[in-house]
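Peer 1: only geometry, no sequence info:
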């Protein structure tokens, strides 16, 4: 089985897991998507059951309903026997893409990096061109990108790369304190931080430098996740190969690679090697060297090296650990670290999913489903805000698309936990999203 | 550092965590996924049958007739019943009312095929189906609802001498979906309009003096309100009959326990599969779980293993055919050769040897060798992974979990009290 770009879909690990499904229906009972729509029958049916009828060389295309799986992985989380259902569904979507081709809309949504780069040439123009009612109506009717969906805005004050170059020029020729070679860290920013939210990257770099680390930001590509979730495995493999080529050396040298976009770090660690069957030494070395930002901070904290020179942040903060963060299976380290900040009361969301699931909620036919899925989370935020009477000014979440969805669903501004942390160190203005 | 790491989020793990946290210990629960309670009827069965399948009237008395090595016998009938009653009280105080245990004898409730099911304590919404109540039953099903056939249930109940008849109502009363599982239907009934529509339909079909048996779909979270609203609107007693998994009463039980644990500051982390451990000087130092990259080490002064048996996932069987305990590779009491796992007859009245195999523990509920010496000084075990119980056959699944968890936690707390907090491994 090959995708249009010639990448072969590996079913090996799926076939192996198939027999572990005992058909207990726990996944279907907790699936946030099948709870709100008939169009997705549930993980058990679309995953392990339908998989019995999918063979690498068959001519039948997987049932369309699998395209309504949002890939949130709640099924994987609750499965008592450890079946990787979401990955099964991702492969089935790639199989559909291989037979039917990929719609222009999905090709566009999969190319976050390209969109980011193109829009960043003239971000103000791009923002006007995209974010006006007429374009959104056209995009809805012609492309199938939902008119109301919370699409991001290109940064009009330059990309993270622009800022890093300005910083490098400004410090050129100035004497720099000799860096401790053991205190070097690579920052993986991902496309959203590069093109839409450079301030998240600035906050992350400020926090790392606050701990005396030299922050290396090497050239990097999209992690490939938007392509993987839209079934474009071949193009995703290209991105992953390039990331392995540029980043594995750092991992080999023992320099940790930390990322603030929890879906990117998950893809580099596990999703790309697993779905693309890329298990060569360099890819595995990279996977082992990547850390989600707060996962790594927790290691610092456990070693007694996390700085605690916090200023008080008196507020109540509803925090949602997004599906992609939970899929790391490392607990919720952001809760532990933010819990150290005096005055800050973090309230943990137990909602399953915000609904957006990467590019899922942008699609016209899925927008309503995404909003219905997210209602559980929006209601949680509303309840916390109501209990606290005005003390809730932000929500926090580790994934960018989830933050945009949270803002869309709650009307409250949302922040990455690293922005909260940077603010607590006095490095960052939380309201203006600027370094101080 | 944590005081206690509990591995397993089934009934044994959750109640053990509750016991330790209530005693002031810091506790975390890790588990591979959601466990066996979601496959259960939500009742608390203590001992329905002796191993030779003799029905048990009083579980306390029945437990004294179990083989000496049986874990419930080791707990003792009185203590085992007390542990179940305490859990029922905890659940009731948290808003999920349980009853039936006041009489201290088994009562019989109808199953989803109309057989008589012995239970010790049950959610109050199920108690209306007690088979010692002579009131006639109207078993009500819904067209197209899989796994619940009211005519089959009523016919089986009649054969056993109970007055029962059946009626089918349209599924569209509950949902507009083409396909819905029990949990979706239960959530649909949380909408007041659905409750009213169902109550109106029930009021039309019920005869005076009848009690109405419905599939267990009366809400997940606001269950008590859904149940009482419908009952009040119909003007007749309404009771639930549990369905095949996914079990809504089991889900309510798990959610109630987890919310109690959250109040006590106990985290329950799912999707954390134990893959390695480290020990030295006879102590467990850490347990590692799989993550998206490198294993994550959990350190705690003590560990309680409650991963369940073959059903719960505490044991696995590799291609070689040997049964293994999955976390610590503890020795199991499995018959040495596979040909001795099973009796020749599928329905052998004595059951099959393999289902009685498990982890052997000493008098302090610590996994031990053949002479009773603890294998690790800071490891305890509870629940359906224990040897010598055949909980499904004897209808003691929940009782075994709850009673041995309470006993193991008492032993752990006594140990910690005697020696102070267990020393931190270097």
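Peer 2: Now that the structure is in, tell me what you want to look at. Since the structure is predicted, the reported quantities are computational estimates derived from the model, not experimental observations.
Peer 1: and chain B, which residues reach chain A?
Peer 2: Residues of chain B found near chain A (C-beta under 8 Å from any C-beta of the partner chain) are B:32-36, B:38-39, B:177-179, B:181-184, B:187, B:245-246, B:251, B:267, B:269-273, B:289-294, B:296, B:312-313. Every residue, glycine included, has its C-beta placed from N, CA and C.
Peer 1: Weed out the non-buried ones from these.
Peer 2: The neighbour count (16 or more other C-beta atoms under 10 Å in any protein chain shown) marks B:32-36, B:38-39, B:177, B:181-184, B:187, B:245-246, B:251, B:267, B:269-273, B:289-294, B:296, B:312-313 as buried among the residues of chain B next to chain A.
Peer 1: Just those residues: which are in helices?
Peer 2: For those, the ones inside helices are B:182, B:183, B:184, B:187, B:251, with DSSP state H as the criterion.
Peer 1: Which member of those residues is positioned nearest chain A?
Peer 2: residue B:183 (4.1 Å; C-beta to the nearest C-beta).
Peer 1: Might you report the residue contacts of the closest one?
Peer 2: Residues near residue B:183 by C-beta atoms under 8 Å, 6 or more residues apart in numbering or on different chains: A:28, A:29, A:35, B:220, B:246, B:248, B:251.
Peer 1: again, only using 6 Å
Peer 2: Residues touching residue B:183, when contacts are defined by C-beta atoms under 6 Å, 6 or more residues apart in numbering or on different chains, comprise A:29, B:246.
Peer 1: What of the one 4 residues further on?
Peer 2: Each residue near residue B:187 by C-beta under 6 Å, 6+ apart is listed here: residue B:220.
Peer 1: again, but for the one 10 residues further on
Peer 2: Residue B:197 is in contact with residue B:173, counting by C-beta under 6 Å, 6+ apart.
Peer 1: Count residues in the vicinity of residue B:193, would you?
Peer 2: Residue crowding around residue B:193 was assessed by other C-beta atoms under 10 Å in any protein chain shown; the count is 7.
Peer 1: Just the buried residues of stretch A:237-244, please?
Peer 2: In stretch A:237-244, counting by 16+ other C-beta under 10 Å, buried: A:237, A:238, A:239, A:240, A:241, A:243, A:244.
Peer 1: got it, and stretch A:313-326?
Peer 2: Neighbour-count burial for stretch A:313-326 flags A:313, A:315-326 (criterion: 16+ other C-beta under 10 Å).
Peer 1: So which of the residues you listed sit within strands?
Peer 2: In strands, judged by DSSP state E, the following of the buried residues of stretch A:313-326 are found: A:315, A:316, A:317, A:318, A:319, A:320.
Peer 1: and which of the residues you listed is nearest chain B?
Peer 2: Minimum separation from chain B among these (C-beta to the nearest C-beta) is found for residue A:319, which lies at 13.8 Å.
Peer 1: Which secondary structure element is home to the spatially closest residue to the closest one that is not a sequence neighbour?
Peer 2: Counting by C-beta to C-beta, 6 or more residues apart in numbering or on different chains, residue A:396 is the residue found nearest to residue A:319 once chain neighbours are left out, at 4.6 Å. Using DSSP states H and E, residue A:396 sits in strand A:395-397.
Peer 1: which residues touch the very next helix or strand once past that strand?
Peer 2: Following the chain from strand A:395-397 toward its C-terminal end, the next helix or strand by DSSP H and E is helix A:400-410. Outside of helix A:400-410, the residues within contact range by C-beta under 6 Å, 6+ apart are A:150, A:152, A:192, A:322, A:354, A:356, A:358, A:374, A:378, A:381, A:395, A:397, A:414.
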